[in-house]
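Engineer: When you get a sec, could you give me coordinates for this:
(2 chains)
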Amino acid sequence: MRVLRQIHARLCTRPLPISTLSFALSKIVAFCALSSIGDIDYARRVFSRIPNPGIFSWNSIIRGCSLVENHSRESVYLFRRLVRRGYPCPNTFTLAFVLKACSIISACEEGLQVHTRVFRSGFGSSPFVQTALVNFYAKCEEIGLARNTFDEIPEKNLVAWSTMISGYAKVGLVNEALGLFREMQKVGVEPDEVTLVSVISACAGAGALDIGRWVHAYMERQMIDIDLELSTALVNMYGKCGCIERAKKVFCEMPVKDAKAWSTMIVGLAIHGLSESALETFSRMEEAKVKPNHVTLLGVLSACAHGGLVSEGRKHWSSMLESRIEPSMEHYSCMVDLLCRAHLVDEACNLVEDMAIPPNPVILRTLLVGCKKNKMLDRGEIIAEQLLELEPLNAENYVLLSNLYASVSQWEKMSHIRKKMKDKGIKAVPGCSSIEVDGFVHEFAMGDQSHPETEELTEILRDISERVRDFGHKPFISDVSSHCLQAIND
DNA sequence: ATAGGGTTAG
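Structural biologist: Next up, the predicted model:
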């Protein structure tokens, strides 16, 4: 960068022809915007001094901004400016870059405008632009539009398939993602690392362990290079699917581990209740001199919350404040959860009151659950009031408040809330779960009888429930079993 | 110079 700055300084003092100067400055912009050692602010300054920037310069700066964190919006602004000026004319590169920026910031309006422009410009048949459009729609959760665009691509290459698969995986349409993966193989397109990352991440989201294992075996068979991203995806998949030992194995065998990899492992251990291991992994991460990010801390705090490790949690909270990680709403949620689980509801409330930003509904709900567990009616009512003001249409809030009343046997107030819900026409979203059997993910929702084998399943659940009773246990009310019991009652 | 990838609390 220093050498470049010197060259830049000399360029400016020479009486060069404008075209030569523009060309040289364009090259500087491209380097500063795109190189890993570059400097986007410098690129912007140089760009603003180019007398008559050509499309190459515009593209460099638009792409550069889109790739730098928190600068993607600027790409969109630059593109608008370019369009308003009317020249130079955007090409396929410009469109692909600006669509990428739109997908990073989920700028749906702007992306749609670009799409209109694509139609008019006649670049609609460029595979790059088409794939960028698919990605853009998927990132904006317009999965139907993404699919329409995808279907219009006449010759779908690997990148197009991967984009669509990852789009489905991201919005949780796991069967669609896996189905498309099979279709892709049927037409003879071989997946690469990037495709497989999306497939594995779809498996993680669905608890589809069998398919995940199959993909893992497939990669080993095909000698596909299991790189950093793939390994992390595998660690996550095995962790989410309950195979923490396999997750650990993949993790240990990774030659290089970055913050995401460590975080994934820590979160995996935390959700398995292996709090001590999670914390130990965190210290190994620090020893390895990998800088923790905000997700790492979420994992650490959630491990402490699950293990009831209050003082450890407090320690990590204050060291987080000391380091440069600004606590986000999610971190506060985690800490509030930790305190509430440890029956320190008052302290949790104080923490929330001291927040610089007003608490979001998630935090308030966490507090409300804490009040319920500790039978703190008055405090709970105050929190519920705030919550209902913030989100008067969310059924979850009414259910939580009614649960609070139930926990202190205030049946009249409870039925009052239920009635209020009914009067407002608010319906609870049914609880749901899913399981993969032989490569298909079966989904169940509370009260939903649409599964072809509902009768047999209900029969089995009834049997389990009776056996639990026969053993002299109360049917245990965990999240899953309460759904089952509800299904039986229905 | 162009399009697709991993981690996120309750």
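Engineer: Pick out the residue in the stretch 251-400 of chain A sitting closest to DNA strand B.
Structural biologist: Nearest residue of the stretch 251-400 of chain A to DNA strand B (CB to the nearest atom of the strand) works out as A:Ser333 at 2.9 Å. To be clear about C-beta, it is placed using only N, CA and C from the backbone, and glycine gets the same treatment.
Engineer: so how far is the helix or strand A:Leu99 falls within from its chain's centroid?
Structural biologist: Applying DSSP states H and E as the criterion places A:Leu99 in helix A:92-104. Relative to its chain's centre, helix A:92-104 lies at 21 Å (CA atoms, centre = their mean, to the nearest Å).
Engineer: Repeat that for stretch A:253-268.
Structural biologist: Relative to the centre of its chain, stretch A:253-268 is centred 17 Å away, using CA atoms, centre = their mean.
Engineer: Same check on stretch A:226-240?
Structural biologist: Between the centre of stretch A:226-240 and the centre of its host chain there is 15 Å, according to CA atoms, centre = their mean.
Engineer: Buried residues of that stretch, list them for me.
Structural biologist: A:226, A:229-240 (16 or more other CB atoms under 10 Å).
Engineer: what's the answer for stretch A:82-102, then?
Structural biologist: A:82-83, A:88, A:90-102.
Engineer: Near DNA strand B, list only the ones from these.
Structural biologist: When contact is defined as CB under 7 Å from any atom of the strand, the buried residues of stretch A:82-102 meet DNA strand B at A:Asn91, A:Thr92, A:Phe93, A:Ala96, A:Phe97, A:Lys100.
Engineer: isn't the fourth one right up against A:Ala132?
Structural biologist: Yes. Contact between A:Ala96 and A:Ala132 holds when scored by CB atoms under 8 Å: they sit 4.5 Å apart.
Engineer: any chance you could map the helices in the stretch 251-400 of chain A?
Structural biologist: Taking DSSP state H, counting those that start in this stretch to define them, one finds helices in the stretch 251-400 of chain A at A:259-271, A:275-287, A:294-307, A:310-322, A:329-341, A:345-353, A:361-373, A:377-390, A:395-407.
Engineer: Relative to A:Ser60, which of these is closest?
Structural biologist: For the helices of the stretch 251-400 of chain A, proximity to A:Ser60 was assessed by CB to CB; helix A:259-271 is nearest, at 28.5 Å.
Engineer: wait, does the closest one make contact with DNA strand B?
Structural biologist: Yes. Using CB under 7 Å from any atom of the strand, helix A:259-271 reaches DNA strand B at A:Ala259, A:Lys260, A:Ala261, A:Ser263, A:Thr264, A:Val267, A:Ile271.
Engineer: so A:Leu196 makes contact with A:Met219?
Structural biologist: Yes. Judged on CB under 8 Å, A:Leu196 makes contact with A:Met219 at a distance of 6.3 Å.
Engineer: Now do the shared contacts for those two.
Structural biologist: Both A:Leu196 and A:Met219 are in contact with A:Leu230, where contact means CB atoms under 8 Å, 6 or more residues apart in numbering.
Engineer: Show me which of these two is the more surrounded one.
Structural biologist: A:Leu196 (24 against 18; other CB atoms under 10 Å).
Engineer: Contact partners for that one?
Structural biologist: A:Val215, A:Met219, A:Ile224, A:Leu230, A:Ala233.
Engineer: Quick check: phi and psi on the last one?
Structural biologist: Comment: the main-chain dihedrals of A:Ala233 come out as phi -60, psi -40, following degrees, to the nearest 10.
Engineer: Contact partners for it?
Structural biologist: A:Ala233 sits next to A:Leu196, A:Val197, A:Ile200, A:Ser201, A:Ala204 when contact means CB under 8 Å, 6+ apart.
Engineer: okay, those in TSV with pLDDT, distance to DNA strand B and secondary structure next?
Structural biologist: Putting the contacts of A:Ala233 into TSV (pLDDT from 0 to 100; distance: CB to the nearest atom of the strand, whole Å; DSSP: H, G, I helix; E, B strand; the rest coil) gives the following:
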residue	pLDDT	distance to DNA strand B	secondary structure
A:Leu196	96	7	helix
A:Val197	96	4	helix
A:Ile200	95	8	helix
A:Ser201	93	5	helix
A:Ala204	93	6	helix
